[in-house]
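Participant: What would the 3D arrangement of this be:
(2 chains)
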Amino acid sequence: MSQSMQFERLMNKTHLAYHQDGLLDLLIAWILFTFGVGEATHYTFRWLPLFLLPVILYWPIKRWLSIPRFGYVEFLSNRSQELLLRVVYPLAWLIGVPVILLTLIPMQQFNILWLTSVQHWLQASWTPIIGLAVVISLGLLGWSMKIPRLYAYGVLCLLIVLGSQLLRLPTFVLFAALTVVILIVGVVLLIRFLRNYPLMIEGK
Amino acid sequence: MILALLHVVERADFTFLMNQTGLTRGNLSTHLDKLAEEGYIEVTKTFENGKIPRTLVGLTEAGRLAVRTYRENMRQVIDELLG
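Facilitator: Below is the predicted model:
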């Protein structure tokens, strides 16, 4: 094995170790939970503040809980990856936001036939669309943060989407199932992290 | 090990290096002092929230060059042994 591959492995190992505190899993579980509750209650936008809460709290919690134990590290930036993400993330927003709005806002009032038919199609295919969006998001996140278990979550999501389509289950069941799995993984990782990395303060 | 770790990251603090290398506080401190003396690493002492001390360590250009040279030398030795 070449030396560069060993450095690549060391870099991936370091990335992985940095995210083994379970916080990211808990964050994902919370986002899926709020989406699921939104779907179940048919008030997706009312739950938006709850959806944003962990996104805002992630870094303060990481700095308070994880970094004093694991240590602080700044990773080298991968230029090609950064460039791709700069394209992918805005593209995801550009496509995702109109799709969500188009699905939720009643279009009949605008009297545009093609828009109404697109909305009907979106509403009929809502579960596979949202499932695919979750799979792609998890895949991208796993790739950009070098965390293979996020790919596993993506595959699991895909299986649940297929299962829910076959069994004709509502979308919130998909979110509930994924949330439970990711939540359990997150809690286990957090407990292991707290056990393996006791609090260390420099100079003490 | 310290140089290899620092080669794959931009900068890291003392706690991170201790956890990843498994070295004790005193041992790591001695190694870092020696590496800093040789000019391979740059040590920056800061305070988190103005209270908690944080020692940030990063490779200098000389340090990166030293790691690259070491890698090349090791590759040559392995190639010679295998070839």
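
Participant: Tell me, please, where in chain A the pLDDT is lower than the cut-off.
Facilitator: Scanning chain A with the threshold set as pLDDT under 70 gives A:1-5, A:43-48, A:78-81, A:103-104, A:106-110, A:201-204.

Participant: ranges for the strands of it?
Facilitator: Counting by DSSP state E, chain A forms strands over residues A:73-75, given from the N-terminal end onward.

Participant: Can you get me a residue count around B:Asp13?
Facilitator: Counted by other Cβ atoms under 10 Å in any protein chain shown, the residues lying close to B:Asp13 total 23. From N, CA and C alone the C-beta is placed, and that goes for glycine too.

Participant: just A:Phe7 next, same as before
Facilitator: Taking other Cβ under 10 Å as the criterion, the count of residues near A:Phe7 is 15.

Participant: ok, so what distance separates it from B:His7?
Facilitator: 7 Å (Cβ to Cβ, to the nearest Å).

Participant: Chain neighbours aside, what residue packs nearest to whichever residue of chain A sits closest to chain B?
Facilitator: Here chain A gets closest to chain B at one residue, A:Gly71, 2.6 Å apart by Cβ to the nearest Cβ. Computed as Cβ to Cβ, 6 or more residues apart in numbering or on different chains, the closest residue to A:Gly71 that is not its neighbour in sequence is B:Phe16, at 2.6 Å.

Participant: what's the one you found in contact with, if anything?
Facilitator: Residues in contact with B:Phe16 (Cβ atoms under 8 Å, 6 or more residues apart in numbering or on different chains) are A:70-73.

Participant: Which single one of these is nearest to A:Leu85?
Facilitator: Comparing those against A:Leu85 with Cβ to Cβ places A:Val73 closest, at 19.6 Å.

Participant: Can you give me the separation between that closest one and B:Lys51?
Facilitator: Here the criterion is Cβ to Cβ. By it, A:Val73 lies 21 Å from B:Lys51.

Participant: where's whichever residue of chain B sits closest to chain A, which helix or strand?
Facilitator: The minimum distance from chain B to chain A, using Cβ to the nearest Cβ, falls at B:Phe16 (2.6 Å). Take DSSP states H and E as the rule and B:Phe16 turns out to sit in helix B:14-21.

Participant: Give me the mean pLDDT for that helix.
Facilitator: Looking at helix B:14-21 alone, the average pLDDT works out to 89.

Participant: swap in stretch B:40-56?
Facilitator: Mean pLDDT, computed over stretch B:40-56, is 83.

Participant: List the buried residues of that stretch.
Facilitator: Neighbour counts over stretch B:40-56 (16 or more other Cβ atoms under 10 Å in any protein chain shown) mark B:40-42, B:54-56 as buried.

Participant: State the number of residues packed around B:Val9.
Facilitator: Based on other Cβ under 10 Å, the number of other residues close to B:Val9 is 22.

Participant: cool, and A:Trp64?
Facilitator: Counted by other Cβ under 10 Å, the residues lying close to A:Trp64 total 10.

Participant: Check A:Leu83 too.
Facilitator: Counted with other Cβ under 10 Å, the burial measure for A:Leu83 works out to 10 neighbours.

Participant: what's the answer for A:Arg86, then?
Facilitator: The burial count for A:Arg86: 10, using other Cβ under 10 Å.

Participant: All set, thanks.
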